[in-house]
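[1] Sharing a model that was predicted from the sequence below.
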Amino acid sequence: MRRLRRCKIIATLGPASADKAVLAELFRVGVDVFRINMSHASHDDMRERVRMIRALEAEFGRPIGILLDLQGPKLRVGTFVDGAVQLSRGAHFVLDSDPTPGDVGRVHLPHPEILRALQPGHAVLIDDGKVRLHIIEAHPQKAVAVVDIAGTISNRKGVSLPDTEIAVSSMTEKDRVDLDAGLNEGVDWVAVSFVQRADDVADVKKVVHGRALVMAKIEKPQAISRLEEIIEISDGLMVARGDLGVELPLEQVPGLQKRMTRMARRLGKPVVVATQMLESMIALPVPTRAEVSDVATAVFEGADAIMLSAESASGRYPVEAVTMMNKIAEEVEQDPYYRSIINAQRPVPEATGADAIASAARDVAETLDLKAIVAWTASGSTAMRIARERPESPVLALTPSHETACRLAVVWGVHALVTEDAHDIDDMADRACANARTEGFANKGERVIIVAGVPFGTPGATNMVRIAYIDGKAG
């Protein structure tokens, strides 16, 4: 099951992909990581999907990543006497703490923290921005707004606040319960929704306590000015373009996507580009040309992974959507411009021995046209450092940890294999060569470069490089 591309594919599970046969086909045609969205999945749904994925691993003999996506704080208005109201441009409309059903002049906002945080001039977007208001008066119990974009508001429609920072954690009580349930099932990554500050990620990492890796979803304008500190504390990053495009002008999103992709690579963290990538394939068997270009742009930029949401969760053509995404990625990575773009974005190595060795391994592999870079890694950090270099040679990560292998499923260009840790230098070289051959990376007589840390089994101790022939003779 060795992929012919470096960029990974994440597919969201849902009603369209709940069947074991469909799940197996999705993996067969290209999925590397399955996403379980806790906005729509119950704990029983989540457990059953994890069970099916782990059974699939045993069937195919390959590690598969599982990403648990926490819902985060979903802000919604209350209800209306008649179920909905039509707001006119220029009209005044009140958001308040009164739980009685609303009318054309007011509605309950069941989030006291928002009422306390709103200020005059702040924008309020309802139903993904279909209705837009701005605040003219703000009090602890109510806020008076003027309608800028008219439209209909119905019961419990979502609220977005592009200008307002809410002084509460992005992890809700529901998230905490969902997180505990997911960790008990052994998920590999946890995505934190609506991150505003580094502390939002830190709160989740305290609960996770190393049992999974934590990915920050960037979908709030407040996160943009703190991007570097958020990425620093996170294990990975998701460019969640859907909500980001609601709360920011749409024309700013492509530039931010490039900025976040490059910053995450510079800091050595995997980055996922998500939302509406092949949206038309929810209902149609083929994407639009613009969607193909959008996916291709993310691959050209060197994203670690590209993600399908409703296309694989509830669409009519989940397998076809993954197949198309796989074809696009493979084609881009064979394009003559791809390598020059990737190389032009290569960051300067950090001033550490491990990063210097990763950079040197890439240089040596390309200079000598070595068939693979084989990384012995306990925690996955060695493989991630090498992936940051975006080498031309494929990366084979050998790890004694099933958890590490599954976490590396989201990382660019890394083919992870679970194997017993090396006992000594000769064993390290011999089994690196044997696995490179059996996994189809190199043939007898060809050479690979091996990167490892001594003493073996010490996380983060990348300190050794060795060139070896596949017949076992070291060079």
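    Great, that's in hand. Residues are numbered from 1 along each chain as shown.

[2] low-scoring pLDDT stretches of the stretch 101-250 of the chain, where are they?
    Regions of the stretch 101-250 of the chain meeting the criterion pLDDT under 70 are absent.

[3] what ranges do the strands span in it?
    Using DSSP state E, counting those that start in this stretch, the strands of the stretch 101-250 of the chain run over 106-108, 123-126, 131-138, 142-149, 151-154, 159-160, 189-192, 213-218, 236-240.

[4] Could I get the contacting residues of the nearest residue to residue 131 once chain neighbours are set aside?
    Nearest residue to residue 131, sequence neighbours excluded (CB to CB, 6 or more residues apart in numbering): residue 151, at 4.2 Å. No exception for glycine: its C-beta is placed from N, CA and C like everyone else's. Contacts for residue 151 (CB atoms under 8 Å, 6 or more residues apart in numbering) come out as 86, 87, 126, 127, 130, 131.

[5] Could you report the neighbour count for the second one?
    Meaning residue 87. 21 (other CB atoms under 10 Å).

[6] Use 581 as the first number from now on
    Sounds good: first residue 581 from here, last item residue 667.

[7] beta partners of it?
    For residue 667, the beta-bridge partners under DSSP bridges are residue 731.

[8] Give me the pLDDT for it.
    pLDDT for residue 667: 97.

[9] Could I get the contacting residues of residue 659?
    681, 682, 687, 688, 735, 736.

[10] Excluding chain neighbours, what is closest to residue 837?
    residue 819 (5.2 Å).

[11] same deal with residue 796?
    residue 814 (4.1 Å).

[12] my read: that neighbour touches residue 797, true?
    No: using CB atoms under 8 Å, residue 814 is not in contact with residue 797, being 9.7 Å away.

[13] for the nearest residue to residue 729 once chain neighbours are set aside, what are its contacts?
    Leaving aside its sequence neighbours, residue 729 sits nearest to residue 712 (CB to CB, 6+ apart; 3.9 Å). By CB under 8 Å, 6+ apart, the contact list for residue 712 reads 703, 704, 705, 706, 727, 728, 729.

[14] Reformat those as TSV; add neighbour count.
    Output for the contacts of residue 712, formatted as TSV (neighbours: other CB atoms under 10 Å):
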residue	neighbour count
703	17
704	26
705	19
706	26
727	20
728	14
729	13
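
[15] Mind putting those residues into CSV with distance to residue 767?
    Putting the contacts of residue 712 into CSV (distance: CB to CB, whole Å) gives the following:
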residue, distance to residue 767
703, 35
704, 34
705, 32
706, 33
727, 43
728, 41
729, 39
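
[16] Tell me the one of those residues nearest residue 866?
    Within the contacts of residue 712, proximity to residue 866 (CB to CB) peaks at residue 705, which comes in at 32.2 Å.

[17] And the residue nearest to that closest one when sequence neighbours are not counted, how far from residue 654?
    Of all residues not flanking residue 705 in the chain, residue 740 sits nearest, at 4.1 Å (CB to CB, 6+ apart). As judged by CB to CB, to the nearest Å, residue 740 and residue 654 stand 11 Å apart.

[18] any idea whether residue 848 is helix, strand or coil?
    Residue 848 falls in the coil class when you classify it by DSSP: H, G, I helix; E, B strand; the rest coil.

[19] can you check residue 582 too?
    Residue 582 ends up coil, using three-state DSSP.

[20] Need phi/psi at the nearest residue to it once chain neighbours are set aside.
    Of all residues not flanking residue 582 in the chain, residue 1020 sits nearest, at 5.5 Å (CB to CB, 6+ apart). Main-chain dihedrals, residue 1020, degrees, to the nearest 10: phi 80, psi 20.

[21] Residue 740 and residue 654: which has the busier surroundings?
    Taking other CB under 10 Å, residue 740 and residue 654 do not tie; residue 740 has more neighbours (21 against 14).

[22] Let me know the average pLDDT across the longest helix seen in the chain.
    Of all segments of type helix in the chain, defined using DSSP state H, the longest is helix 623-640. Helix 623-640 shows a mean pLDDT of 97.

[23] which parts of it are buried?
    Neighbour-count burial for helix 623-640 flags 625, 626, 627, 628, 629, 630, 632, 633, 634, 636, 637 (criterion: 16 or more other CB atoms under 10 Å).

[24] next one: stretch 928-939
    Here stretch 928-939 shows 929, 930, 934, 935, 937, 938, 939 as buried, counting by 16+ other CB under 10 Å.

[25] Next, format those residues as TSV and append secondary structure and pLDDT.
    Formatted as TSV, the buried residues of stretch 928-939 follow (DSSP: H, G, I helix; E, B strand; the rest coil; pLDDT from 0 to 100):
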residue	secondary structure	pLDDT
929	coil	83
930	coil	82
934	helix	84
935	helix	89
937	helix	92
938	helix	92
939	helix	93
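
[26] Taking those residues together, which two end up most distant?
    Largest pairwise distance in these, by CB to CB, is 11.4 Å, between 930 and 937.

[27] Where do the helices of the stretch 881-1030 of the chain begin and end?
    For the stretch 881-1030 of the chain, the helices defined by DSSP state H, counting those that start in this stretch cover 890-893, 898-913, 916-924, 933-947, 961-968, 982-987, 1005-1018.

[28] okay, now the residue lying closest to residue 891 once chain neighbours are set aside: neighbour count?
    In space, and not counting its chain neighbours, residue 891 is closest to residue 901: 4.1 Å by CB to CB, 6+ apart. Using other CB under 10 Å, residue 901 is surrounded by 30 other residues.

[29] Also residue 685?
    Residue 685, neighbours per other CB under 10 Å, totals 11.

[30] Please tell me how far the residue nearest to residue 729 sits from residue 889.
    24 Å.

[31] of all the helices of the stretch 881-1030 of the chain, which lies closest to residue 763?
    With CB to CB as the measure, helix 982-987 is the member of the helices of the stretch 881-1030 of the chain nearest residue 763 (11.6 Å).

[32] starting at the chain centroid, how far to the closest one?
    16 Å (CA atoms, centre = their mean, to the nearest Å).

[33] Could you do stretch 717-727 as well?
    Centre-to-centre, stretch 717-727 and its host chain are 36 Å apart (CA atoms, centre = their mean).

[34] ok, now stretch 646-666?
    The mean C-alpha position of stretch 646-666 is separated from the chain mean by 23 Å, CA atoms, centre = their mean.

[35] Ok, stretch 730-742 next?
    Relative to its chain's centre, stretch 730-742 lies at 27 Å (CA atoms, centre = their mean).

[36] for stretch 644-651, same thing?
    That offset, for stretch 644-651, works out to 9 Å (CA atoms, centre = their mean).

[37] Just the buried positions in stretch 768-779, please.
    Buried-residue list, stretch 768-779, by 16+ other CB under 10 Å: 768, 769, 770, 771, 772, 773, 774, 775, 776, 777, 778.

[38] Noted, bye for now.
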